[in-house]
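Enquirer: Starting from these lines, generate the structure:
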Amino acid sequence: MSWLQPRLSVAEIEEGVALAPKFDKDGLLPVVTTDVTSGGVLMVGVMNRDALLRSIETGEAHYWSRSREAVWHKGATSGMVQTIVEMRIDDDQDALWLAVSIQGLGGSCHVGYRSCFYRAVPVRQTPDIPLRLQFREHAKLFDPATVYAGASNPTCL
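Expert: Numbering: from 1, shown residues only. Presented below is the predicted three-dimensional model:
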């Protein structure tokens with residue numbers, strides 16, 4: 001049995017109860033993942049059909065890794081599994097939002113920070129001033145070299 005249904009009508013997609021996601025031309029669906037406690041954005045990833053179904057079945061976040069070209073169980077290597085507290089789909093069912101709790105060291109970024117969004121981009125800049133990213137997280141939660149020792153290509157996506 002599949003939880004995913006065909007896209008029959010705009011009314012059903014936007015107002016109905018059937019899960020009928022619209023994957024892009026590559027078979028992917030964007031996913032914004034936030035911390036259930038703070039609401040902070042942890043990462044943006046993508047899911048293919050299999051990753052979505054595994055996430056629904058297990059209650060743990062699975063993504064499609066573009067770099068590995070494989071389904072990726074977040075935390076399988078690091079121990080920082082994302083347990084899904086809530087999963088929402090947007091109005092036209094072409095994007096997901098996950099609110100998660102994180103096991104282990106509490107991080108989501110392979111660089112060692114809590115969030116993959118650890119730097120800010122300055123805005124309202126004048127062209128004569130060089131743009132420099134500004135760190136918003138200053139301390140890493142873990143040492144990536146230790147956590148991912150032996151892992152091949154531990155990337156956010």
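Enquirer: all strands for the chain, in order.
Expert: 29-35, 41-47, 62-65, 70-73, 82-89, 96-102, 119-120, 134-135 (DSSP state E).
Enquirer: and Leu141, which of these is closest to it?
Expert: Judged by Cβ to Cβ, the one of these that comes nearest to Leu141 is strand 96-102, at 9.7 Å. Backbone N, C-alpha and C define where each C-beta goes, glycine included.
Enquirer: Give me the mean pLDDT for that closest one.
Expert: Mean pLDDT, computed over strand 96-102, is 95.
Enquirer: got it, and stretch 116-127?
Expert: 83.
Enquirer: contact partners of that stretch?
Expert: Here stretch 116-127 makes contact (Cβ atoms under 8 Å, 6 or more residues apart in numbering) with 40-44, 108-109, 111, 131-137, 156.
Enquirer: Most widely separated two among those residues?
Expert: Ser108 and Leu131 (25.5 Å).
Enquirer: what about those two, which has more around it?
Expert: Ser108 (28 against 10; other Cβ atoms under 10 Å).
Enquirer: pretty sure the more buried one contacts Met43?
Expert: Yes. Checked against Cβ atoms under 8 Å, the pair Ser108 and Met43 is within contact range at 5.2 Å.
Enquirer: okay, and the common contacts of the two?
Expert: In contact with both Ser108 and Met43: 33, 115-116, using Cβ under 8 Å, 6+ apart.
Enquirer: Could you list the low-confidence segments of the chain?
Expert: 1, 151-157 (pLDDT under 70).
Enquirer: so Pro30 sits right up against Val46, yeah?
Expert: Yes. Using Cβ under 8 Å, Pro30 is in contact with Val46, at 5.7 Å.
Enquirer: what about those two, which has more around it?
Expert: Each of Pro30 and Val46 has its neighbours counted (other Cβ under 10 Å); Val46 has more, 20 against 14.
Enquirer: Grab the nearest non-local neighbour of the more buried one.
Expert: Nearest non-adjacent residue to Val46, counting by Cβ to Cβ, 6 or more residues apart in numbering: Leu28, 4.2 Å away.
Enquirer: sorry, back to before: just the buried ones from the contacts of stretch 116-127?
Expert: 42-43, 108-109, 137, 156 (16 or more other Cβ atoms under 10 Å).
Enquirer: Now render those as TSV, adding distance to Ser65.
Expert: Shown next, in TSV, are the buried ones among the contacts of stretch 116-127 (distance: Cβ to Cβ, whole Å):
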residue	distance to Ser65
Leu42	16
Met43	12
Ser108	14
Cys109	14
Glu137	23
Cys156	9
